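> Predicted model, plus sequence, below.
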Amino acid sequence: MDWKTLAIVFGTVFLAELGDKTQLATVLFATDKEVSKWLVFVGASLALIATSAVGVLGGGLIGQYVDERALRTVAGIGFIVIGIWTLLR
């Protein structure tokens with residue numbers, strides 16, 4: 001097992017998810033006193049696993065047809081555009 005890759009992926013996704021709207025939605029569900037915290041945890045975990053699976057499968061498929069460098073460039077430009085849009089909003 002490539003522990004370095006695992007650590008990089010975990011760290012990147014963990015930091016990206018901290019404080020984002022998904023985590024905030026999970027916090028809101030967990031504040032309901034009538035809802036099982038375990039069910040909120042399991043539901044949120046399954047949702048993250050499902051979206052990660054879509055990302056991995058989609059990335060694998062796209063990677064067969066598009067150069068990795070081009071994907072990085074498009075992703076980088078996309079993040080910059082979103083950042084500028086967020087600042088101007």
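Everything's here; your move. Numbering: from 1, shown residues only.

> Three-state assignment for the most far-flung residue of the chain relative to its centre, please.
When distances are taken from the C-alpha mean of the chain, E34 lies farthest, 28.1 Å away, according to CA atoms, centre = their mean. Under DSSP: H, G, I helix; E, B strand; the rest coil, E34 falls in the coil class.

> Over to it: give its phi and psi.
Dihedral pair for E34: phi -90, psi 0, per degrees, to the nearest 10.

> Please read off the pLDDT at it from the model.
On the pLDDT scale, E34 is placed at 94.

> and if you look at A70?
93.

> what do you get for W85?
W85 is assigned a predicted lDDT (pLDDT) of 90.

> how distant is stretch 39-54 from the center of its chain?
Distance of stretch 39-54 from the chain centroid (CA atoms, centre = their mean, to the nearest Å) equals 11 Å.

> Which element, helix or strand, includes I82?
Per DSSP states H and E: I82 is located in helix 68-88.

> who does that helix touch, helix- and strand-wise?
Applying 3 or more CB pairs under 8 Å, 6 or more residues apart in numbering; DSSP states H and E, we find helix 68-88 packed against no helix or strand. For the C-beta atoms, the positions are set from N, CA and C on the backbone; glycine is no exception.

> In it, which of the residues would be classed as buried?
Of the residues in helix 68-88, none count as buried by neighbour count, 16 or more other CB atoms under 10 Å.

> So which residues make contact with that helix?
The contact list for helix 68-88 (CB atoms under 8 Å, 6 or more residues apart in numbering) reads I62, G63.

> mind checking how far that helix is from the chain centre?
Taking mean C-alpha positions (CA atoms, centre = their mean), helix 68-88 and its chain are 15 Å apart.

> Sounds good, over and out.
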